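> whatever this is, show me its structure:
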Amino acid sequence: MSWFKRTKQSLRKTPKKTVPDGLWRKCDYCSEILYAKELEKKLWTCSKCGYHFLISTEQYIDIICDSGSFQEMHRGLRSGDPLGFKDLKRYGDRLKEYSKKTGKEEAVVTGFAKIGGRDVVLAVLDFSFMGGSMGSVVGEKVSRVIEDATEHRRPLIIVSRSGGARMQESIFSLMQMAKTSAMLAKMSDERVPYISILTNPTTGGVTASFASLGDVIIAEPKALIGFAGPRVIQQTIRQDLPEGFQRSEFLLEHGMIDMVVPRGNLRRTLEQLLEFLAAGLASTAAEAMKDEEQSPAVS
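I've put the predicted structure just below:
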């Protein structure tokens, strides 16, 4: 009869084993469950489908730049609220919230760096700060690094991750498209090279301005790149869109970008491009010196 009696021992519950947070990550593209440490070793790219996860600005700098070479410039610039904009929150309060959350002043980090021992000027948009949106300060900082690259005759590299122009600044934000494009035209006249790196996502006014104006345009695999969203375009033209038409592979096939480079090969690709472009910079500098020597002195 003891078979039918429960003992105190049998009522004890086995303690549950808890899994630490952040140990596993789910791929947003193929839904594969990935071990976080292995994912980090692969530079946050999915081992099954090659999808590139969003990473921080600091991680991008570590991936593409020589160790310890990055020197941040143009700090201390913060957005104002020229329109007194308010939606669910005041724009000024939203800026303070993102600054506290990310530890950054704005949605772009700029500075000097080295890649493969060669001096470059670098700007990296930060998607964690208001979706990497471009307001007056982002446009100003991008313009300043373009000036730095032109003055010091160093190649410019911009890593774009953005939802586009910042609506809270309206026309002030849209004018940054014209401002940065004009600055790049001046830099092009000086024959200083510009490499644009498009990551997931690169959309809106950033795509329609400096992100698409590189001498060489590189994109990460499966990156979403476009101006308006697929639904908006489909409703406007009232036609079915090709599958993946805003992904980097489709854009490469149709000549909108120059190459698709996995994150693990990005630094080596940049080193090769900079080595190739260095010859052009040297010859341009030599021509400028020759012209200066031959020009008559002004009394």
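
> rest of the way, CA atoms for contacts and neighbours
Noted.

> Arg267 reaches Asp62, doesn't it?
No - contact criterion C-alpha atoms under 8 Å: Arg267 and Asp62 do not qualify, at 9.9 Å.

> and those two? which has more neighbours close in?
More neighbours sit around Arg267 than around the other of Arg267 and Asp62, counting by other C-alpha atoms under 10 Å; the figures are 19 against 15.

> give the contact list for that one.
By C-alpha atoms under 8 Å, 6 or more residues apart in numbering, the contact set of Arg267 is Ile63, Ile64, Cys65, Ile115.

> recalculate using a threshold of 10 Å.
Contacts were defined as C-alpha atoms under 10 Å, 6 or more residues apart in numbering; by that measure Arg267 touches Asp62, Ile63, Ile64, Cys65, Asp66, Ile115, Gly116, Val261, Leu273.

> ok, Asp81 next?
By C-alpha under 10 Å, 6+ apart, the residues touching Asp81 are Arg90, Tyr91, Gly92, Asp93, Leu95, Gln168, Glu169.

> inside helices: which ones of those residues?
Cross-referencing the contacts of Asp81 against helices under DSSP state H gives Tyr91, Gly92, Asp93, Leu95.

> can I have the buried ones of the residues you listed as a PyMOL selection?
The PyMOL selection below is limited to those of the ones in helices among the contacts of Asp81 classed as buried (16 or more other C-alpha atoms under 10 Å):
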select buried, resi 91+92+95
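
> which of the ones in helices among the contacts of Asp81 sits closest to Gly22?
For the ones in helices among the contacts of Asp81, the minimum distance to Gly22 (C-alpha to C-alpha) is 27.7 Å, reached by Leu95.

> quick revisit: now that we have the contacts of Arg267, which one has the most neighbours?
Cys65 (23 neighbours).

> pretty sure it contacts Gly116?
Yes - counting by C-alpha atoms under 10 Å, Cys65 sits close enough to Gly116 to count as a contact (7.7 Å).
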